[in-house]
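Enquirer: need a 3D model of the sequence below.
(chains A and B)
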2 protein chains.
Amino acid sequence: MNRTIFPTNKILQRADKEQLLDQRGIAIWFTGLSGSGKTTIAIALEKELHANGLLTQMLDGDNMRAGINNNLGFSNEDRTENIRRIAEVTKLFVNSGIITICCFVSPTEEIRNTARTIIGAADFMEVFVNTPLEICEKRDVKGLYAKARKGEIEDFTGITAPYENPLNPAIEITNNFTIEESVKKIIEKINL
Amino acid sequence: MNRTIFPTNKILQRADKEQLLDQRGIAIWFTGLSGSGKTTIAIALEKELHANGLLTQMLDGDNMRAGINNNLGFSNEDRTENIRRIAEVTKLFVNSGIITICCFVSPTEEIRNTARTIIGAADFMEVFVNTPLEICEKRDVKGLYAKARKGEIEDFTGITAPYENPLNPAIEITNNFTIEESVKKIIEKINL
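Expert: A predicted model of the protein is given here:
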């Protein structure tokens, strides 16, 4: 193997980072209802990748809304800006060769297309966690469905706002899959 | 070496990433006038770190203003939001164990303190590239000083807006330093 030679004043490129890490940057974009299992699968996926020596970055509502998007609310305008910033941050990580795992309800084709366009289709792998609403609502891990049913949350996806199924997801995970099977399916797809 | 054991449902932590990469995340924050040499030194620093097998991420006006901050102008409010978002992105990278190299004029103590507070003082290494205005203006790589002198750019740092010298930078690089010496000084300081 030859050492990479850098021309003077040329900023390091994505390929240099990917060579260093011996992996390819990609965005794995989980979409699905609240309570569908996105984060649970994502955490298991991240652990498995890490155990294989791969560098990952997880982005979700918790670290994005608490940080870079802490000045955004839930108006349509702010939701659009929320996803735009998430996608731009994802792009920076992907361009550093990092496997970037994004967990966002991202309920509409428009929102997911915004993310896909910013990140670049070649680096965007859509994972649709297709768990029936009834199961998500029964789980209600965060108590959000109960609140939405009482009218305490406006525009709650699945209850008072629509969820549009992805038209052509790279992977669809149904409720029949165990977490391990889900992780295996994703890893096979990204071909590590 | 033991394999790290992850408790169920525990998201990977910074320490896990740092162990994987065998390096420590840190923000190296270059401040100085336009034309002072921030980017030139940063590029040389990044190459040197990369050649030593270390993972870096460079953030500068080019990739930030073209991406996540492409909806911000140059009003005071937008400049504050600009630096806030940069610092939040930096924090995400540092929390992934990455050596994050930030090149921004960041002309005031207030701006730099905003960044330091968000990133965390322990992870924030301020590098003051202290090149005299006369030299920066003579270089005028981007032709900005000429425009500022003609009044074509408002509030241009060094000409029509103040640059406040850092009070206590971790490193000060003066014009006597070669690029190689500057890089060496920084690497000694971060103690790799």
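Enquirer: how about residues contacting the strand or helix carrying A:Arg85?
Expert: Under the criterion of DSSP states H and E, A:Arg85 resides in helix A:76-95. Helix A:76-95 is touched from outside by A:14, A:17, A:25-27, A:57, A:59, A:64-65, A:68-69, A:72, A:100, A:102, A:104, A:106, A:111, A:114-115, A:118-120, A:123, B:57, B:59, B:63, B:67-68, B:71, B:85, B:89, B:92-93, B:96, with contacts defined as C-beta atoms under 8 Å, 6 or more residues apart in numbering or on different chains. The C-beta positions use only the backbone N, C-alpha and C, and glycine is treated the same way.
Enquirer: so who does the residue most central in space within chain A touch?
Expert: Against the mean C-alpha coordinate of chain A, by C-alpha atoms, centre = their mean, the closest residue is A:Cys102 at 1.9 Å. Counting by C-beta under 8 Å, 6+ apart, A:Cys102 makes contact with A:Ala27, A:Ile28, A:Trp29, A:Phe30, A:Met58, A:Leu59, A:Asp60, A:Ile86, A:Thr90, A:Ala115.
Enquirer: any idea how far the helix or strand containing A:Thr117 is from the chain center?
Expert: Using DSSP H and E, A:Thr117 sits within helix A:109-119. Relative to the centre of its chain, helix A:109-119 is centred 12 Å away, using C-alpha atoms, centre = their mean, to the nearest Å.
Enquirer: repeat that for stretch A:79-99.
Expert: In terms of C-alpha atoms, centre = their mean, the centre of stretch A:79-99 is set 10 Å apart from its chain centre.
Enquirer: what is the mean pLDDT for it?
Expert: Stretch A:79-99 shows a mean pLDDT of 96 in the predicted model.
Enquirer: in it, which residues are buried?
Expert: A:79, A:81-99 (16 or more other C-beta atoms under 10 Å in any protein chain shown).
Enquirer: residue numbers of chain A in contact with chain B?
Expert: Proximity of chain A to chain B, by C-beta under 8 Å from any C-beta of the partner chain, involves residues A:3, A:6, A:9-12, A:16-17, A:20-21, A:40, A:43, A:46-47, A:50-51, A:53, A:55-59, A:63, A:67-68, A:71, A:81, A:85, A:88-89, A:91-93, A:96, A:98.
Enquirer: in PyMOL, how would I select just the buried ones from the contacts of helix A:76-95?
Expert: For the buried members of the contacts of helix A:76-95, the matching PyMOL selection, counting by 16+ other C-beta under 10 Å, is:
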select buried, (chain A and resi 17+25+26+27+57+59+64+68+69+72+100+102+104+106+111+114+115+118+119+123) or (chain B and resi 57+59+63+67+68+85+89+92+93+96)
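Enquirer: what's the farthest-apart pair in the contacts of A:Cys102?
Expert: Using C-beta to C-beta, the pair of these lying farthest apart is A:Met58 and A:Ala115, separated by 15.4 Å.
Enquirer: circling back: quick check, nearest of the contacts of A:Cys102 to chain B?
Expert: Proximity of the contacts of A:Cys102 to chain B, judged by C-beta to the nearest C-beta, is greatest for A:Met58, which lies at 6.4 Å.
Enquirer: secondary structure element for that closest one?
Expert: With DSSP H and E as the criterion, the answer for A:Met58 is strand A:56-60.
Enquirer: identify the residues contacting the helix or strand of chain A with the lowest mean pLDDT?
Expert: Ranked by mean pLDDT, DSSP states H and E, the weakest helix or strand in chain A is helix A:61-65, scoring a mean of 88. Taking contacts as C-beta under 8 Å, 6+ apart, the residues outside helix A:61-65 that touch it are A:Leu72, A:Asn82, A:Arg85, A:Ile86, A:Val89, A:Cys103, A:Phe104, B:Leu92.
Enquirer: swap the cut-off to 7 Å and go again
Expert: Contacts with helix A:61-65, where a contact means C-beta atoms under 7 Å, 6 or more residues apart in numbering or on different chains, come from A:Ile86, A:Phe104.
Enquirer: what's the spacing between it and its chain's center?
Expert: On C-alpha atoms, centre = their mean, the centre of helix A:61-65 falls 12 Å from the chain's centre.
Enquirer: cool, stretch A:56-73 as well?
Expert: For stretch A:56-73, the distance to the chain centre is 12 Å (C-alpha atoms, centre = their mean).
Enquirer: repeat for stretch A:146-157
Expert: Here stretch A:146-157 shows a centroid-to-chain-centroid distance of 24 Å under the convention C-alpha atoms, centre = their mean.
Enquirer: so how far does it reach from one end to the other?
Expert: In terms of C-alpha to C-alpha, to the nearest Å, the two terminal residues of stretch A:146-157 are separated by 13 Å.
Enquirer: likewise stretch A:135-155?
Expert: Taking C-alpha to C-alpha, the span from the opening residue of stretch A:135-155 to its closing residue is 19 Å.
Enquirer: ok, and what's touching it?
Expert: Surrounding stretch A:135-155, the residues in contact under the criterion C-beta under 7 Å, 6+ apart are A:Leu33, A:Ser34, A:Gly35, A:Ser36, A:Phe156, A:Gly158, A:Ile159, A:Thr160, A:Ala161, A:Asn175.
Enquirer: and it, what's buried?
Expert: The neighbour-count criterion (16+ other C-beta under 10 Å) identifies A:Cys136, A:Glu137, A:Leu144, A:Tyr145, A:Ala148, A:Ile153 as the buried residues of stretch A:135-155.
Enquirer: so what's the nearest residue to A:Val94 once chain neighbours are set aside up against?
Expert: Leaving aside its chain neighbours, A:Val94 sits nearest to A:Gly25 (4.1 Å; criterion: C-beta to C-beta, 6 or more residues apart in numbering or on different chains). Contact analysis of A:Gly25 by C-beta under 7 Å, 6+ apart lists A:Arg14, A:Glu18, A:Val94, A:Asn95, A:Ser96, A:Gly97, A:Ile98, A:Ile99, A:Asp123.
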